[in-house]
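**Student:** could you work out the structure for the sequence below:
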Amino acid sequence: QVQLVESGGGLVQAGESLRLSCAASGRTFSSYIMGWFRQAPGKEREFVASISRSGGNTIYPDSVKGRFTISRDNAKNTVFLQMNSLTPEDTAVYYCAASDRIFVPNRSPTAYDHWGQGTQVTVSS
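**Tutor:** Predicted coordinates for the structure are as follows:
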């Protein structure tokens, strides 16, 4: 089992940046596909980014492509989400997710078995 703890959320103004971190417990972090999702009030959970086990392959939805970057440090059991040029539409609770039963980055929340508690990101206009 892996446990995930997100950090780095906060309140920023439009156009600013934030870097989220997700620390994972356990010794097999490098065997997990990692993902970031977000959920705004009254909306469904939305895919934000996913990264392969080695970190060499990433995928994003069009809504964040070119602004967000996912990365991982397997030596530190941590995955990151660098968010630039934030807009009020990015306001949500951001969740880190992990899966060891898939082999490539995946957009579907049902592909992930382990979730963090979430961190709030609020972008003011």
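**Student:** now do the contacts for E89.
**Tutor:** 63, 123 (Cβ atoms under 8 Å, 6 or more residues apart in numbering). Every C-beta, even on glycine, is put in place using the N, C-alpha and C of the backbone.
**Student:** in three-state terms, label it for me.
**Tutor:** helix (DSSP: H, G, I helix; E, B strand; the rest coil).
**Student:** now the strands for this protein?
**Tutor:** 4-7, 10-13, 18-24, 33-39, 46-51, 58-59, 68-73, 78-83, 92-99, 114-115, 119-124 (DSSP state E).
**Student:** just give me the residue closest to the centre of the chain.
**Tutor:** W36 (2.3 Å; Cα atoms, centre = their mean).
**Student:** tell me the contacts of the closest residue to it other than its chain neighbours?
**Tutor:** Among residues not flanking W36 along the chain, V48 sits closest, at 4.2 Å (Cβ to Cβ, 6 or more residues apart in numbering). Applying Cβ under 8 Å, 6+ apart, we find V48 in contact with 35-38, 60-61, 64, 68, 70, 81, 94.
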